[in-house]
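A.B. asks: this is a predicted model, with the sequence first.
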Amino acid sequence: MTPAQLSRTVLRSLRHAVTTGELRLREHARLPERVVVESPPRRGPGDYGTGVAFQLAQVTGRPPGELAALLARLLLAEPAVAEAEVSGGGFLNVTLAVTARAALLDELRTAPAGPDAESGAPAEAAPSAGRADDLQPRASGSGPVDGRFATYGAADRPGADIARWAAATGDDPAALAVRTEGSSSLFRVQYAHSRARTLLRGGRTMGVPARVDAGIRADGGMEGAGGAEISGRPRAGAAPEARGGRDGGAAPEFVRVLALLADHRRVVEAAVASRTARHLEAVAEAFLRFQDGCHPLPRGDEKPGAVHRVRLALTEATATALGDGLYRLGVSAPARI
């Protein structure tokens, strides 16, 4: 379930509540035409968040907290939703069922993105720096980052990249020219893409594929054949839960990257360069924290397992999204830095 799909699900649930009489609107009032979904939520845990209850309060006359609780109950009837919790007097945080999270990750890692698979072309035809908000559309015939794009962006082009990124973000070109993670937002995004591609190459060398082959663990978490938690957290013995249940103590770093990636298509298809660039920054920063704390590749004497395959799947989805976003901005996506 993506943020856009959750938005539609919320609207459908609200319309059903009006039809059944659970939700009564004021005379001549209407439900909101769209529901804004945060991915990830700014308040509290979960995959997504929404403040639609505050809008509903205006058209129903009921307290936002009461309306958020009603919506939580409605959403819990959805197989893809494991938890729906009210916070901040009317905000609703939604946690996906582990089965839905696995399906989302598998969809994201195989999503078409990036340059044309045949030509491997970077963004030579991308918009000029003077038209920063006119994004390059995604090329046809593209596919996931799986080695076919190994030559794409093999070397970055600092001069042209800095000009285009500065036009999109308003960042100081002089600061962007300092190629460190701390100084340059552009370098941070390009480095994250390069790091993801490096990890994927390492996985192929070690015979560890990027793959989502998870099942449902006894206590509701995700596991593969080896019994490893999808996020790498220790296994705990607890009662099974319906629909894949809770996230099983999923690492917050994993959840945050996945939530940001789930919003990638909606962000880039809005075709606003500044928003795309800031989204790529958020993805890059979240991914770098994730790979520091949840190592995608086995270390030392550690044996490869399901946990590494699923972490590499998240890495593949990240590389796909970052490459796609940089391509749309006309900026190179180096495979090695």
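C.D. replies: Perfect, I can see it now.
A.B. asks: in three-state terms, label the residue of the chain most remote from its centre for me.
C.D. replies: Most distant from the centre of the chain: E27, at 39.5 Å, with distances by CA atoms, centre = their mean. What DSSP: H, G, I helix; E, B strand; the rest coil gives for E27 is coil.
A.B. asks: ok, now how distant is it from H16?
C.D. replies: As for E27, its distance to H16 is 21 Å (criterion: CB to CB, to the nearest Å). (Each C-beta comes from the backbone N, C-alpha and C, glycine too.)
A.B. asks: try A319
C.D. replies: From A319 to H16 the distance is 40 Å (CB to CB).
A.B. asks: neighbour count winner among the two?
C.D. replies: Using other CB atoms under 10 Å as the criterion, A319 and H16 rank with A319 on top: 30 against 13.
A.B. asks: and the more buried one, how far from H193?
C.D. replies: A319 is 6 Å from H193, by CB to CB.
A.B. asks: quickly find the element holding the residue nearest to the spatial centre of the chain.
C.D. replies: Compute the mean C-alpha point of the chain, and by CA atoms, centre = their mean the closest residue is L261, 1.7 Å away. Using DSSP states H and E, the element containing L261 is helix 252-262.
A.B. asks: so what does that helix touch, helix or strand wise?
C.D. replies: If you count contacts as 3 or more CB pairs under 8 Å, 6 or more residues apart in numbering; DSSP states H and E, helix 252-262 packs onto helix 98-109, helix 273-293, helix 306-329.
A.B. asks: one more time with 6 Å
C.D. replies: Counting by 3 or more CB pairs under 6 Å, 6 or more residues apart in numbering; DSSP states H and E, the packing neighbours recorded for helix 252-262 are helix 273-293, helix 306-329.
A.B. asks: G207: which of the ones you listed is closest?
C.D. replies: Nearest of the helices and strands packed on helix 252-262 to G207, taken as CB to CB: helix 306-329 at 10.6 Å.
A.B. asks: all helices for the protein, in order.
C.D. replies: Counting by DSSP state H, the segments of the chain that form helices are 3-20, 52-60, 64-75, 98-109, 158-169, 173-176, 185-206, 252-262, 264-269, 273-293, 306-329.
A.B. asks: and the ones you listed, which is most packed in?
C.D. replies: Compared across the helices of the chain, helix 306-329 shows the largest average neighbour count, a mean of 28 (mean count of other CB atoms under 10 Å).
A.B. asks: report the rounded mean pLDDT for that helix.
C.D. replies: For helix 306-329, the mean per-residue pLDDT is 93.
A.B. asks: what angle do it and helix 98-109 make?
C.D. replies: Per axes from the mean of the first three to the mean of the last three CA atoms, to 10 degrees, the angle that helix 306-329 makes with helix 98-109 is 40 degrees.
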